[in-house]
Structures are given as C-alpha cells and as structure tokens.
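Undergrad: With the sequence up front, the predicted model follows.
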Number of protein chains: 4
Amino acid sequence: MTASLADARGVYPIAPTPFFDDGRIDTASVDRLTDFYLSCGCTGLTVLGQLGEAPKLEYGESLAVATQMIRRAGALPVIVGVSAPGFAAMRALTHDVMERGAAGVMIAPPNTLRTDDQIVGYYRQAVEAIGADVPFVLQDYPLTFSVQMTPGVIRRIVDELPSCAMLKHEDWPGLEKITALRQFERDGMRRIPILCGNNGLFLDYEMERGADGANTGYAFPDMLCDVVRLSQAGQREEAHDLFDAHLPLLRYEQQPGVGLSVRKYILMRRGLLSSAAQRKPAAPFTRLAQAEVDHLLKRPARTEPRAAFGVN
Amino acid sequence: MTASLADARGVYPIAPTPFFDDGRIDTASVDRLTDFYLSCGCTGLTVLGQLGEAPKLEYGESLAVATQMIRRAGALPVIVGVSAPGFAAMRALTHDVMERGAAGVMIAPPNTLRTDDQIVGYYRQAVEAIGADVPFVLQDYPLTFSVQMTPGVIRRIVDELPSCAMLKHEDWPGLEKITALRQFERDGMRRIPILCGNNGLFLDYEMERGADGANTGYAFPDMLCDVVRLSQAGQREEAHDLFDAHLPLLRYEQQPGVGLSVRKYILMRRGLLSSAAQRKPAAPFTRLAQAEVDHLLKRPARTEPRAAFGVN
Amino acid sequence: MTASLADARGVYPIAPTPFFDDGRIDTASVDRLTDFYLSCGCTGLTVLGQLGEAPKLEYGESLAVATQMIRRAGALPVIVGVSAPGFAAMRALTHDVMERGAAGVMIAPPNTLRTDDQIVGYYRQAVEAIGADVPFVLQDYPLTFSVQMTPGVIRRIVDELPSCAMLKHEDWPGLEKITALRQFERDGMRRIPILCGNNGLFLDYEMERGADGANTGYAFPDMLCDVVRLSQAGQREEAHDLFDAHLPLLRYEQQPGVGLSVRKYILMRRGLLSSAAQRKPAAPFTRLAQAEVDHLLKRPARTEPRAAFGVN
Amino acid sequence: MTASLADARGVYPIAPTPFFDDGRIDTASVDRLTDFYLSCGCTGLTVLGQLGEAPKLEYGESLAVATQMIRRAGALPVIVGVSAPGFAAMRALTHDVMERGAAGVMIAPPNTLRTDDQIVGYYRQAVEAIGADVPFVLQDYPLTFSVQMTPGVIRRIVDELPSCAMLKHEDWPGLEKITALRQFERDGMRRIPILCGNNGLFLDYEMERGADGANTGYAFPDMLCDVVRLSQAGQREEAHDLFDAHLPLLRYEQQPGVGLSVRKYILMRRGLLSSAAQRKPAAPFTRLAQAEVDHLLKRPARTEPRAAFGVN
C-alpha cells in the first residue's frame, strides 16, 4: 500500500528523464535512478516535473516513464507532474497515472494568473477536472511561473480543497512564508506537508522554519536526506556543516536553464545516468561550464563533509 | 488539390469548436459552420486556434474536429492550430493533421520569449520538430502572448525559414508593421500573405496598408468578406461604411475573455450553432452582457449597411 | 470653493501638456485648452496623467502646468497625477499642488504589484505618504500597468482608506466590474464615483452599467459630455447614435503609443493647440497615419451625429 | 583628478543610504561608510542604486547624499544611479551630480522594454537626454527589471554609444554572457569593464570568465576585494576558499526584498551604520530572520577564512 501524501516528509527528489544520446528514453537508467533514490533514503519521488523535460515527451512516453518509476519504487509514493495548458490533457494524464498507482499529481499554475481569486479559481477548476479524490501537490514557484501566492491564498486553497495534499514550496525569498503557514495551522488551518524546492538553496533554514523536507532535483539527494535527518534530529550545526559544504555546487546547479545540464552531467559522473543528453530544445552546456562543475566536484575538501562528494 | 497558403488572401475565419450544453462536441454544427463559411465567400479557415478552445479538447477530439472540418471544407485550405508547451505534442498533432489534408499549421510563441534571438530560435526549433516541409502560420499576437516581434524579427523568420507561409497579424497598434513588412518586400524579403486577426478591429485600414485579408473569428465573417472584397476592388468608402456599421458590435466582441461567449451566442442566434456552450473554464456571460449584445444586434439601422446584421 | 471629488460626475478630460515645436511649454495653449474644457461642459479635469507626458517634465514645469490649469479652471475641480517610483517624490508633488488648489491627486499602481495584499498595501503606504486628508483617485488600468485589481480589492481599498475619493476605471473588459462595484454599494460599501478611461471605448455601455462619466483624453470631450448627458437623461438611443458616429475615430485614437500623436494632431486641427509636438521620446506619427486621421475626420457623414466632427 | 570609468576594476560597492531610526539621513554614517570603503581597498563606489533607497529620497536629499560621498571619496570614482521614469528627471540629476564631481551615472532600463530595438533605442534616447559626454554604466539586471539584454544587444549599445563606459552585469545565469562579451572584444568590440552585481553570488567564477570585479552591496566588501585580488593574482583555490566561507551568508543576503534589511543590519553590527533603519516602505525583518543572520555570523569557523567574518 502506498503511503499517503498527507504524511509526506523527508526527501522527494524530482527525477530527470534519462535519455540516450540519440534522444530515446533510457529505461535502464530510469531503473538505476529509482533504485538509487530508494537506497539513499528518499521517502518518495516526483516524475515529469518542470525539470523532467515533460513537455518534450509524447503522451505515451510520459505514461511509460511514470509507470516504470511507480512500479520500480514499490511502496514509495510517486507524484506525477500533470501541469498542462488545458484541463483536458491534465485530466487524461491524471486518470492514467492514478490508475497505474501514482500517489498523487503535481499542478503548477499557468503564468497568466494574477489575482488571488484567479489562483484559487484555477485550482478549484483543476480539482473539478481531475476529480476531488486525487491528492494533488500545490506548486508555488513564482520565479519560474510568475504567479505569486500569498500565505493567505495558499490557506484558501487548503481550506477549500481537501485534496490539496502537499505544498511544493519554492518561493524566494520563502522563509517567512513557511513560518506564516505554520502559524495558520496553529490558528486552525489543516496541516499539510511542506517540501521545499528551488534546488534546496535555503533547505538549511527552511527545515528550522518548519518545512518537512525537500522536493527538488539536486544531484546529491543523499546529502539532502542527511541534512533533513540531521535537522530533524536536532543536530543543527552538523546539518549546516554538511549543507554549507555543498552550497558552492548547489548554487551552481540552481541556475535556471543550464541547471538541468549540470544536474544530468553530475548524475552521469555518479554512474546513475548513461548519458547527460537532453532532448531539444536544451540550454547549451559549454566546455567552460563543464570545467567549472569538474572544479567544484574536485576541490580539495576543506572540511570533513566536503569529502562527501565522492565523485572522482 | 488544396490551394497553397503562400497565395492566401480573403477571409480565413477562426472556427469555434461547437459543443452541446453537456460538453459533447456538436458535429452537426461543425458541418453547418463549415458550410456557412464556404457559402459566404471565405477563402480558407483555421481550426483549433486560441478561440477554438483547443486546450479543452483531448487529443482524439482535436484530431476529430480538425479532420471533419478539413473534409467538409473540400478544396478550401484548412489551417490547424498546433501551439503546445512542448515540441513533442506539436510534432504529433502536426503530423496527424497534415496526413489528413491540412494546408498548414499555426504556431503561437510561448509567452516566456523575450529577446529577438529567443523568438527566432523558437521558430527554428519548431520547424525542426514539425518538419521543414510543413507550411506554418506565424502568429504575432503580443496582447495575448506578451511576445513582441519587431518587423525585423519577422523578416529574420521569413528569410531563414522557407516554410513560414503566412503571417497572422494581430499586433496592436499594428498598422505601421504592415507598412514596414511590405517595404521589406520591396527591399527583397520574400512576400508572405498577411491576414489580420484581433477580431478585425482595424481591418478597414489594415487592408489599405497592404494586408491580404482577415484571419479572425468575428461572428459576421460575411461582413469581413465584403469589406475585404470592397477594399480590394477600390471601393474605399463603401468598405468603410460597411465596416463602421459593424464596429460597435465588433468592438464589443473583441473583449478578451468574454468575447468568445459573445461570438458563440451570436452564432447560435444566427442558427449556425445549436448551443452557445463552452467547456469549462469559461468566462461568465451575464444576463446584462447578453442584453447588451441583443441591443447591439437590434438597434435601428442608421445607415443602409447597418441593416446587414439580419438577426431577429 | 472647489467641488468635492466624492460627488464627481460628468466628464473630466485628461489634459495633454501643450508644447511648442522646440519643446517649450506652450502656456497660451494651456489656457485655451482649459477654456475649451470649461466651455463644452466638462465638470472637472485631470492634468499630468499618463498621457500628459508627465515624466518628460522637470519638477518645476510639472508644478507650473498644474498651477496654471488649477487657476484657469476656477471652480472646476482639477486632479493632478502624482504617480512616481517612490513616495518621496509623490509626497512632494502632492503637497505642492494641494497647496495651490488641486481637488485631489491620481495615483497609478507600480507595475510590480501582483497579489491583492500588495495592491492594498501600496495604497495604504501612499496615503501614509501624502496624508490621509488628500483625496485620491484610484487608477485601475491593467492594460498599461499590468496590475489587476478585482472588485474585491477595490472594495478593500475603499473600505480601508476614506481618502479614496474616486475610481478611474479603465479595466478591459470592464463592464462587469462596474456592475460588481455598484452591487457592493448596495451591500454596504461606501459609494465612490466611477469615471471611465480607456479613451471611452465602452462609454456607451459603461454609463448604463452605472458609471458616473468619463475621465479620458479623447480629442472630442464635447462628444463625451453629450453622450454622458444623453445617457443620464435616459435618451439611450440618441446616446448610442452619437457615440457610434465617433467610434471609428475613437478606436483609432485609443491605440497605445500612437494615440497621443493622434490626439494632439486633432486638438491642433481643432485650433486648441498651436502644435501637435511631443517631447521625446515620442512614438512616430507617420504620413500614412496622419492621412488616416484626416480621412476619419472628413468622411461624409452617414448619420446626423457624424456631422458633429466639425473639423475642416 | 578622477579616474576614468573605462579603466574600472576591483570593487565598487553599492552604498546603502544611512538613516536614523526617525528617517532622517545619517550623515555621520555616510562618512564612516565611505571611509570604510576606502580603507578596505575598494576602487570606486556607487550611490543611489537600486538598494540605496533612491526612490525614497527627495531630490535635494539625493543630491546631498551623492555630493557628500563624492567629496569624501576623494580620488575614488563615484557613480550615481540616475534611473528615472522620465528623461527630464534623469537629465536634471545627471547634470547636478556631474557638476559636483561624479565619475559617471548608472542607468537601469524601464521594465516595459521588450525587443532588442526598444532596449537600444532607450539608451540612445537616454544619452541624448543626459549628454554624450557623460560616462554611463549599463545596468543589466533582468531578474529585477524583466529586461533581457542578449550579448548582441549589449554589443550594439557599446558600438553605438561611446559614452557607455562600463557594464554592471547582474544577469543570472550570467557566466556565458561574460565569455561572449570578451569574445566580442577579440572580434573587435571596444573593451568595457565588466563589474558584477547580484550580491556577488557567482563572483568566484565570474572573475575566471573575465570580469574585472564586483559592483554590489554585500556587507563584506573587504571579502569581495580579497576575492578579486586573489583571483587576479592567480591564487585560484585561495579565492574560492575565501568565497565559499562567505557563501552561506552571501546567499542569505542576496534574497530580494529582505536582503537590504540583512545588509543594513550587518553593517550596523560592524559599526559602520548607527542604525539599520530603512525608510518606508521596507520589507519586514523578523526576529527569526535576525536570529538566522546572527547564526550565520557566529557559527564556529570550519576553515581559516571563515574566521574572517570578525563580527562578535
């Protein structure tokens, strides 16, 4: 039986979609990646997210990748990104992946939404389209989607839509928003898990503000798992030490556009992907950028945690 | 044999997708509408455009509506809107409708494009995805897509991509752009047809600036056909008289959001649609708005052309 | 004594700033224009608005133009646009024009505002800056400012800020917003005057929805006055006839950018400005555009009201 | 004699404007801050930038702050931010600060610019307004201004406008842009200094790509000076070590909105400002945020450079 999203905590990596150099989906890497997530302590995973190159997949491919990950992940809950320009496509994919065992779906707001009412109205319509019984993750990512949700808007969505099961929080700055939402819960709002995205750039303090974990694609989810674990165990300075040791690379990978190239390159160097290839269109990954990533991976460790990169 | 888009002129209406009140596609109205377009002098038509509610259709439905219109339209060229958030979906739909006899496809730019290079790059990639042999219509609609194409950018696209077969011009203000493009042609740019959208709000002067016709969904395409014909025949004042008589209603229908409700309502009153229903989400069409449209349709004609509304 | 903005109705034209060809302010035209507004039945006026070229004036010039209009207008209330990137400049200009007899100020929202709370918060801070005793006009113009205010947000501002004295309504589409606000008043919201902008493109139906008049710069404010008067007198069809006769030109003048050139050109042809000059930067007004305006002004009248253009 | 901007290198901090708690300008802190910049090796400075709270100053105050810094800085070049919604205000401030000894002015693009031609045209007009003899800094900051300048657009500006004396580079991601611009120089483009903003988040690699230094407001400009010096001296790993030690705090301070609160708080704790006060409107700086900054400042140093914070 699949765990409920409403209890989500820990690390849900955003899985990239593995391709061969010729653009075909690399199913062996899908398995390898899923096994790796399981082995390093991830508590769930998300496929077909913004960085899963979902728009470059045909419908059948999307369904095949999601299904393979769901099956391979076993008891681990798998969330499937179903954001689409129209509700017809969203409903179709949602139906098909839920039937295949997805734990829920993730829905990003279209970048035309402006007012509070438009945002709430959009999620109301989305729930009507996919069905009120399907748990959905609210994706709050203003940097990319240009949609700004105040804590009050999130509260309206949580209050009105019981199937809103989790918040993927990637507002920036976003620390006060976590505090505000946790305060709302003390004032009677239903509690929902808050898992943080944005490549984990503030995960250290987000945990201390009340986040339940991470939901992002940084190429070292093992580190994210450790930071979350240390933080939840009250080992504050150890969590920060580990986090800080990764920050130079993490910051580099967080760059929009080129970030996915960095991530796939590292995952390939870690032996998890057979190729760093993306389908077109893809931001160029220059020789200089690759050298910078190599430099970040190889720098002599100044602190113990630094050694944790473990990439040769 | 289907006419080439490269010779397009006259009126290509943007066809709405007819629904029954319960949301099912009304195929009888699809035929009736197509026959009407043929009968009133339209020279082509466009389906699954921005106002064809394309995002609310499942893939099979999109293909079915497009195919039915293509067949019913006979020798008339049918353009199919294939704008999509990713090239995989765009390629799939393009392939399927071209196989069924579409004359070409229409591609709108994603609203994240900003720089000139990004815009040109996007269309380069789109052509790579759909195939360089598929004629495509460049949709230039900054008000809705927030993408601003200068005449120079359009020239770069026309010069670089031979399959760019037509410009759907709906910039606003847009008169000088037509003049600039026609000047470019005198300077050596390949000539492409310019058909104007934006509900025809400036069709009177767009024709005089060098446009080849209209490509828009105003509920009286018969009037658009007459204006284009009169203008091309040099009957300038007659063209303006007819246009001006429609302008109060045309302006009303041109409102974003509510405009489609107005259009479907009038097409229903004209006996072309069995219902004005839209699939959700749809902007509300209030009792007051309906009364205003009724008023616009019924006002005593002050000039001869006014009588042309012909709706009781 | 100056009339209170809270009772505003009728037509408040947005005054352009008259320049000589060399860029100096043409003070004789300032007087001539003010006298014209008084003579044709305007009930107030607005200076230094979006189309008053305010950002092209130095501080002393802004103050001089506003002061001259205030004095010349006598008992007519004059509203001064004080929108600024910071509250220091807004406060300074507000203080200086109120001291010179302005009836109030107009404040547009900065185009960075997104959420409902940001919008309300901005006006709260503006009032704190200029003083709670200064009547201000709330400018709701999403097409230009990219800030979308729902009726609910306007209600929050009206409820919270007693110095919000008037709404300059130029949302598009905007008819339902007027109806919603008037409904709020029936539900207990304080009544505020709603004067419509957007060059009057929907003034005919805006009056019927409950607007109190126009607050816009169309080059025939005399027509706007007549339409408002006819509408308020219940002479519906006469109001529409007059409005419709102007619509082809009004629509042409409503174009962003080039619109001000059209307006100044017509005001010059009407003998109210000595020059149509704008300070730089200004959108080009081409020979073709000028010919189109001439054509619109000279076309043989098809209806009685058409004759009202009165420009030779 | 003031150094020419065209040779700028090193660190030009963006100076905050010091206020007392009651909002008055704290002139003693202006001097203290300027002296500090001089003492720690800064090679120039910028006042009235985006984070100098310029829009909250009245004209006389702006001029007074700029003049005080220019005088106190002696031979050090001082750049003054003159961005304004209109060219009249930009021209006035430019004239007044150049007369008082400013080395140049900084001009940000208005956030309405979209196309390449609009961007180039804006700077052409700005130069026409301020005078072609005034050196200006081109501010390229898409995250805040929503204006995207390709390397090609920057090249057009540099080629066409000889008074473009420096690039304040704060694109993100921005490493490839530096490489592209340096490549353009090898292809014949006039060389201009590139100083990086964005709180220095990528300063480590920006230096390696060819940047000449930093032009940003991080509260430890001494560290920025050291990183630039080490990098220019070829001590790569030492530069990275120092940079990495600051990265957790630097990243925290780089948050939009709250960042200025963090910066002023640290500068106060360093004894450079007498108060961390901002004029309204200011983003709230919560007790939790302050505790996080305290934590970042106090954490036990894991590496030698860490000790460099020197705040107790």
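TA: Alright, I've got the coordinates.

Undergrad: Which residues are in contact with A:V262?
TA: Taking C-beta atoms under 8 Å, 6 or more residues apart in numbering or on different chains, we find A:V262 in contact with A:219, A:252-253, A:255, A:285, A:289, A:293. Glycine gets a C-beta too; all of them are placed from N, C-alpha and C.

Undergrad: Serialize those residues to TSV and add fields for pLDDT.
TA: Shown next, in TSV, are these (pLDDT from 0 to 100):
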residue	pLDDT
A:A219	97
A:Y252	98
A:E253	97
A:Q255	96
A:F285	96
A:A289	98
A:V293	97
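
Undergrad: In CSV, list the residues you listed along with distance to D:E53 and secondary structure.
TA: Below are the contacts of A:V262 laid out as CSV (distance: C-beta to C-beta, whole Å; DSSP: H, G, I helix; E, B strand; the rest coil):
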residue, distance to D:E53, secondary structure
A:A219, 39, coil
A:Y252, 31, helix
A:E253, 33, helix
A:Q255, 29, coil
A:F285, 39, coil
A:A289, 36, helix
A:V293, 38, helix
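
Undergrad: In space, what's closest to A:M90 - neighbours in sequence excluded?
TA: Distances taken as C-beta to C-beta, 6 or more residues apart in numbering or on different chains place A:A84 nearest to A:M90, at 4.4 Å, with adjacent residues excluded.

Undergrad: and that neighbour, that one's in a helix?
TA: No - with DSSP: H, G, I helix; E, B strand; the rest coil as the criterion, A:A84 is assigned coil and is not in a helix.

Undergrad: so how many other residues sit close to it?
TA: 24 (other C-beta atoms under 10 Å in any protein chain shown).

Undergrad: Run through the residues that contact it.
TA: A:90, A:93, B:55, B:85.

Undergrad: which of the residues you listed lies closest to C:I14?
TA: Ranked by distance to C:I14 (C-beta to C-beta), those are led by B:P55 at 38.6 Å.

Undergrad: Those residues of the stretch 151-300 of chain A touching chain D, which are they?
TA: A:172-173, A:175-176, A:179, A:201-202, A:204-205, A:208-209, A:237, A:240-241, A:243-244, A:247-248, A:251-252, A:255-258, A:284, A:286, A:288-289, A:292, A:299-300 (C-beta under 8 Å from any C-beta of the partner chain).

Undergrad: Recalculate using a threshold of 6 Å.
TA: Within the stretch 151-300 of chain A, the positions lying close to chain D (C-beta under 6 Å from any C-beta of the partner chain) are A:173, A:205, A:244, A:247-248, A:255, A:258, A:292.

Undergrad: who wins for most neighbours among those residues?
TA: A:D244 (24 neighbours).

Undergrad: Could you give the average pLDDT over stretch A:224-237?
TA: The average of the pLDDT scores along stretch A:224-237 is 97.

Undergrad: Pull out the buried residues from that stretch.
TA: For stretch A:224-237, burial by neighbour count (16 or more other C-beta atoms under 10 Å in any protein chain shown) applies to A:224-231.

Undergrad: try stretch A:252-267
TA: Buried positions in stretch A:252-267, judged by neighbour count with 16+ other C-beta under 10 Å: A:252-255, A:258-267.

Undergrad: Show only the entries of these found in helices.
TA: Among the buried residues of stretch A:252-267, the residues falling in helices (DSSP state H) are A:252-253, A:258-267.

Undergrad: just those now: which is nearest chain C?
TA: A:G259 (24.5 Å; C-beta to the nearest C-beta).

Undergrad: check contacts around that closest one.
TA: When contacts are counted by C-beta atoms under 6 Å, 6 or more residues apart in numbering or on different chains, A:G259 touches A:E253.

Undergrad: helix, strand or coil for the residue lying closest to A:D159 once chain neighbours are set aside?
TA: Closest residue to A:D159 apart from its sequence neighbours, by C-beta to C-beta, 6+ apart: A:M189 at 6.6 Å. Following three-state DSSP, A:M189 is assigned to coil.

Undergrad: Return the residues of chain A in contact with chain C.
TA: So chain A meets chain C at A:114-117, A:148, A:150 (C-beta under 6 Å from any C-beta).

Undergrad: Redo those as CSV? Include neighbour count.
TA: Listed next are the residues of chain A next to chain C as CSV, based on neighbours: other C-beta atoms under 10 Å in any protein chain shown:
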residue, neighbour count
A:R114, 21
A:T115, 20
A:D116, 22
A:D117, 17
A:Q148, 19
A:T150, 18
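
Undergrad: so which two of those residues are the farthest from each other?
TA: With C-beta to C-beta as the measure, no two of those lie farther apart than A:D117 and A:Q148, at 13.5 Å.

Undergrad: Could you see whether chain D lies near the helix or strand bottoming out on mean pLDDT in chain A?
TA: Lowest by mean pLDDT, DSSP states H and E among the helices and strands of chain A is helix A:142-145, with a mean of 90. No - using C-beta under 6 Å from any C-beta, helix A:142-145 stays clear of chain D, coming no nearer than 8.5 Å.

Undergrad: Next SSE downstream of that helix?
TA: Next along the chain after helix A:142-145, taking DSSP states H and E as the criterion, comes helix A:151-160.

Undergrad: Sheet partners, orientation included, of the very next helix or strand once past that following helix?
TA: As assigned by DSSP H and E, the chain's next helix or strand after helix A:151-160 is strand A:164-169. Using DSSP bridges, the strands paired with strand A:164-169 are strand A:136-140 (parallel), strand A:194-196 (parallel).

Undergrad: Show residues contacting strand A:164-169.
TA: By C-beta under 6 Å, 6+ apart, the surrounding residues in contact with strand A:164-169 are A:5-6, A:8, A:104, A:135, A:137-140, A:157-158, A:192-197, A:215.

Undergrad: ok, and the closest non-adjacent residue to the residue of the stretch 1-150 of chain A found nearest chain D?
TA: Residue nearest to chain D within the stretch 1-150 of chain A: A:L143 (8.5 Å; C-beta to the nearest C-beta). Closest residue to A:L143 apart from its sequence neighbours, by C-beta to C-beta, 6+ apart: A:W172 at 5.7 Å.

Undergrad: Out of the contacts of strand A:164-169, which end up buried?
TA: A:5, A:8, A:104, A:135, A:137-140, A:157-158, A:192-197, A:215.

Undergrad: before we move on, the earlier item: chain center to the least confident helix or strand of chain A: distance?
TA: The chain centroid and the centroid of helix A:142-145 are separated by 14 Å, computed with C-alpha atoms, centre = their mean, to the nearest Å.
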